[in-house]
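# Fold the stuff below for me.
(2 chains)
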Protein chains: 2
Amino acid sequence: MARIAIDAMGGDYAPKNIVEGSLWAAMEYGVALELVGRQDDIQQELDRIKSVGYILSDCGTKGHKRKIKIDLDKIDYTITHASEVIGMGEAVGQSIRRKKDSSIVASVNAVAQGRCEAVVSAGSTGAAMAASLFGLGRISGITRPAIAVLLPTTKQPLVLIDGGANSDCTPGMLTQFAEMGVAYAKLSLGIENPKLGILSIGEEEGKGNELVKETYPLLKQMHEEKRFDFVGNIEGKEVFKNKADVIVADGFAGNIVLKVTESTASMLLKMIRNEFKSDIIGSIIGLMAKPFLRRILKRINWEVYGGMLLLGVNGISVIAHGRSSAYAMKNAVGAAVRVLNKDINSKISESINR
Amino acid sequence: MARIAIDAMGGDYAPKNIVEGSLWAAMEYGVALELVGRQDDIQQELDRIKSVGYILSDCGTKGHKRKIKIDLDKIDYTITHASEVIGMGEAVGQSIRRKKDSSIVASVNAVAQGRCEAVVSAGSTGAAMAASLFGLGRISGITRPAIAVLLPTTKQPLVLIDGGANSDCTPGMLTQFAEMGVAYAKLSLGIENPKLGILSIGEEEGKGNELVKETYPLLKQMHEEKRFDFVGNIEGKEVFKNKADVIVADGFAGNIVLKVTESTASMLLKMIRNEFKSDIIGSIIGLMAKPFLRRILKRINWEVYGGMLLLGVNGISVIAHGRSSAYAMKNAVGAAVRVLNKDINSKISESINR
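The predicted model follows:
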């Protein structure tokens, strides 16, 4: 049974949502847990859950909570005490170096020392990245790790890489992100020969900023070497049209795509709710339409994918959303489970170094 | 009465939608027109419209056409013959130089020669930008013109600049875009003291890519000099939250925001339609919900704003969407009308050169 290290203290609602979500994941995916953080805080959560026998969580739609049965006796878990917590606003470099006994550093160590197969943290993204890079090291040949995100579309989800780890990139970095993203799409989504595109403005070769224009011929070359199926530029308006299964971008533009998508969807749903409330007939129709809209909300909710994978480090590291609910945390563990035992890192290493 | 030069041959549905939309605008805003393009083609459209006395156009929602009465005798228009057309796919520099008698170049000339107050084109964005820059020249002190776009929010629209004119930018360019965007928000949207933000990843000062990190202190300095109200970084997830009235970005990131917004909204509405169709009760509720969703669609439709303003050139130049309907074209002329007689360029020049 695979064991997952959980940074129990990371996230806006830690340790509650984190412990709850991990236990739920342990039940759902049949994995063991190493819960890392302040022993007393974690134990208190476990005692509470044990005494009631269930947790309450929404399942991708706000305000719609379900009871999830948790049988602690059936879950294989250990607690590893770590006395310190790195907060969301702290300077990353300093805090990683100074807080030697922080929950994020200790949970990464659980993987580095071979006790666990993967680590999941909903703490500061910067701290989780730095701790993972520092604790696990890079895959040989990789210049910089990158964040791979799954985005919902009307069909299958797509992989966006880099979701924000590297604000400034070189063409060489983008070609490595491309290889990592393609490997991830194959292993995690089961796409045999993923189509790779590069985020740009303008469709044709030669359109885009300097970075894209310099990267394009490199990707084309790799396409000719049959390393992957490169389909060219993907404009912002085509991101969700399934022209590419993997979209490569620098971390600045990639993060903008990720966040603007979230933001547009939430604005639109707010507009729809307000529009229905504009009169009494609207309110009634809105009430009837609610279950349908809720299903949409669930499909596009980032919580469904729960976590972003940090690719390029020597181990599996999932970074969950800081605002993670138990449901989001459960799914973040799920993101780790999807790549377990698939040797993703040796496959990335093979692609990069051939 | 102000006269607007119309590139009657530019756009996927030219000259039909272009002529129709301009005439509609002439009726609605009380402006005169100089229709520029192939005399015969334009005359044929005019004859057709004159004989029936109306045009048919959707008004921001697809498949919902309205009859709009057009009384040609009440419209002050002239036709200026231009024999050539620059197509959407043509190389910009070459075609502008070679096709001396193209409709876009000739309609820009109508402004350059003082016959018209503004030019509107739905042709190739690159060609319209190049023709405007070449024909009108830059405002003194401006390094590079930029595209200002209005984006819908739940409250008032916001100004995004640059929407795609400059793929690679320097900090100095971004500070100029900021000044131009603020002037535009004041004059076009009537916001007295617009809040300015810079698109970034991460909220705090010091977060973002190199370009943002170098631009931030310059904008802060300008804030201290009371040139505008700088509110700092705006993350992708906050774009629509009205934290800023004007968002400055390089043209690559700005275009991504613009297009991803369009793309997300259209995917979401498609999902909603499909969800309602999933069973018979859904279909009935969907039918009832349709007018409400249609109102939303209308509010977020790019056609409502119709055109992007090219700021920084010595004259008013509006670039409309290539796929413009008559309704979108009417609104593109409206975008020009909103800044007419407001001396936007001398105000920009004053801000830049003080």
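# in stretch A:126-144, what's buried?
The neighbour-count criterion (16 or more other C-beta atoms under 10 Å in any protein chain shown) identifies A:126-133, A:135-136, A:139, A:142-144 as the buried residues of stretch A:126-144. Glycine gets a C-beta too; all of them are placed from N, C-alpha and C.
# How are the helices of chain A distributed by residue range?
Counting by DSSP state H, chain A has helices at residues A:16-29, A:39-52, A:92-98, A:103-112, A:125-136, A:171-189, A:210-224, A:251-276, A:280-300, A:326-339, A:344-353.
# Quick one: list the elements packing against the longest one.
This means helix A:251-276. The elements that helix A:251-276 packs onto, with contact taken as 3 or more C-beta pairs under 8 Å, 6 or more residues apart in numbering or on different chains; DSSP states H and E, are strand A:146-151, strand A:158-161, strand A:195-200, helix A:280-300, helix B:251-276, helix B:280-300.
# Give the buried residues for that helix.
Result for helix A:251-276 [16+ other C-beta under 10 Å]: buried residues A:251-265, A:267-269, A:271-272, A:275-276.
# One more: the shortest one?
Neighbour-count burial for helix A:92-98, with 16+ other C-beta under 10 Å as criterion, is recorded at A:92, A:95-96.
# Out of the helices of chain A, flag the one nearest residue B:154.
For residue B:154, the closest of the helices of chain A is helix A:251-276, at 6.0 Å, according to C-beta to C-beta.
# Run the angle between that closest one and helix B:280-300 for me.
Counting by axes from the mean of the first three to the mean of the last three C-alpha atoms, to 10 degrees, helix A:251-276 lies at 110 degrees to helix B:280-300.
# so how many other residues sit close to the nearest residue to residue A:167 once chain neighbours are set aside?
By the measure of C-beta to C-beta, 6 or more residues apart in numbering or on different chains, the closest residue to residue A:167 outside its immediate chain neighbours is residue B:209, 3.9 Å from it. Residue B:209 has 21 neighbours, counted by other C-beta atoms under 10 Å in any protein chain shown.
# got it, and the one 3 residues further on?
For residue B:212, the count of nearby residues is 26 (other C-beta under 10 Å).
# List the contacts of it.
Taking C-beta atoms under 8 Å, 6 or more residues apart in numbering or on different chains as the definition of contact, the neighbours of residue B:212 are A:252, B:198-200, B:233.
# what about 10 Å?
Under the criterion of C-beta atoms under 10 Å, 6 or more residues apart in numbering or on different chains, the contact list for residue B:212 reads A:167, A:252, B:171, B:174, B:198-202, B:205-206, B:219, B:233, B:248-250, B:253.
# same deal with residue A:9?
If you count contacts by C-beta under 10 Å, 6+ apart, then residue A:9 has A:15, A:18-19, A:35-38, A:41-42, A:82-87, A:102-104, A:106-107, A:121-123 around it.
# I'd like to know how far the residue nearest to residue A:167 sits from residue B:199.
From residue B:209 over to residue B:199 the distance is 10 Å, taken as C-beta to C-beta, to the nearest Å.
# Quick check: neighbours shared by those two?
Counting by C-beta under 10 Å, 6+ apart, the shared contacts of residue B:209 and residue B:199 are A:252, B:250, B:253.
# And the helix or strand of chain A with the lowest mean pLDDT, what's buried?
For chain A, using mean pLDDT, DSSP states H and E, the weakest element among its helices and strands is helix A:280-300, scoring a mean of 81. By neighbour count with 16+ other C-beta under 10 Å, helix A:280-300 contains the buried residues A:282, A:285-286, A:288-290, A:292-300.
# One more: stretch A:37-50?
By neighbour count, with 16+ other C-beta under 10 Å as the criterion, the buried positions of stretch A:37-50 are A:37-38, A:41-42, A:45-46, A:49.
# just those now: which is nearest residue B:78?
residue A:37 (76.5 Å).
# just checking, that closest one touches residue A:19?
Yes - between residue A:37 and residue A:19 there is a contact under C-beta atoms under 10 Å: 8.8 Å.
# Show me the common contact partners of the two, please.
Taking C-beta under 10 Å, 6+ apart as the contact rule, residue A:37 and residue A:19 both touch A:6, A:8-9, A:45, A:79.
# Can you list the low-confidence ranges for the stretch 1-150 of chain A?
Residues of the stretch 1-150 of chain A meeting the criterion pLDDT under 70: A:61-63.
# which ones are touching whatever residue of it ends up closest to chain B?
Ranked by C-beta to the nearest C-beta, the top residue of the stretch 1-150 of chain A for proximity to chain B is residue A:89, at 8.1 Å. With contact set as C-beta under 10 Å, 6+ apart, residue A:89 has these partners: A:95, A:124, B:203-204.
# Most neighbours of all those, which one?
With neighbours set by other C-beta under 10 Å, the maximum within those is found at residue A:124, which has 24 neighbours.
# was I right about that residue contacting residue A:90?
Yes - between residue A:124 and residue A:90 a contact is recorded at 6.8 Å, counting by C-beta under 10 Å.
# list the residues that contact both of the two?
Contact criterion C-beta under 10 Å, 6+ apart; residues bridging residue A:124 and residue A:90 by contacting each: residue A:96.
# how does chain A divide into domains?
Per automatic domain parsing, the domain ranges recorded for chain A read A:1-142+A:312-343, A:144-303.
# before we move on, the earlier item: residue A:23: which of the contacts of residue A:89 is nearest?
The nearest one, if we look at those relative to residue A:23 and count by C-beta to C-beta, is residue A:124, at 23.3 Å.
# what are the phi and psi values for the closest residue to that closest one other than its chain neighbours?
With sequence-adjacent residues excluded and distances taken as C-beta to C-beta, 6+ apart, residue A:124 is closest to residue A:88, at 5.1 Å. As for residue A:88, its main-chain torsions (degrees, to the nearest 10) stand at phi -60, psi -40.
# who does residue A:233 bridge with?
The residues paired with residue A:233 through beta bridges, assigned by DSSP bridges, are residue A:198.
# Just give the number of residues close to it.
For residue A:233, which is what you asked about, the neighbour count (other C-beta under 10 Å) is 21.
# how much space between it and residue B:236?
With distances defined as C-beta to C-beta, the gap from residue A:233 to residue B:236 amounts to 20 Å.
# Ok, residue A:268 next?
If you measure residue A:268 against residue B:236 using C-beta to C-beta, the figure is 15 Å.
# And residue A:337, by the same measure?
Separation of residue A:337 from residue B:236 (C-beta to C-beta) stands at 29 Å.
# Who has more neighbours out of the two?
Regarding residue A:337 and residue B:236, a neighbour count based on other C-beta under 10 Å identifies residue B:236 as having more, with 27 against 22.
# doesn't residue B:203 make contact with that one?
No - between residue B:236 and residue B:203 no contact is recorded; they are 11.3 Å apart, counting by C-beta under 10 Å.
# nearest spatial neighbour of residue A:262, skipping sequence neighbours?
In space, residue A:262 comes closest to residue B:237 once its chain neighbours are excluded; the distance is 5.4 Å by C-beta to C-beta, 6+ apart.
# what does residue A:201 give?
Closest residue to residue A:201 apart from its sequence neighbours, by C-beta to C-beta, 6+ apart: residue B:255 at 4.2 Å.
# circling back: mind putting the buried residues of helix A:92-98 into TSV with distance to residue B:317?
Rendered in TSV, the data for those read as follows (distance: C-beta to C-beta, whole Å):
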residue	distance to residue B:317
A:92	45
A:95	51
A:96	51
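# before we move on, back to that, can you redo the domains of chain A as CSV with distance to residue A:353?
Putting those into CSV (distance: least, C-beta to C-beta, whole Å) gives the following:
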stretch, distance to residue A:353
domain A:1-142+A:312-343, 5
domain A:144-303, 10
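# Nearest to residue B:60, out of the ones you listed?
When the domains of chain A are ranked by distance to residue B:60, counting by C-beta to C-beta, first place goes to domain A:144-303 at 14.2 Å.
# ok, the residue nearest to residue A:332 when sequence neighbours are not counted - contacts?
What sits nearest to residue A:332 in space, not counting adjacent residues and going by C-beta to C-beta, 6+ apart, is residue A:307, at 3.2 Å. Contact partners of residue A:307, counting by C-beta under 10 Å, 6+ apart, are A:120-122, A:149-150, A:317-321, A:324, A:328-329, A:331-336.
# Good, we can wrap up now.
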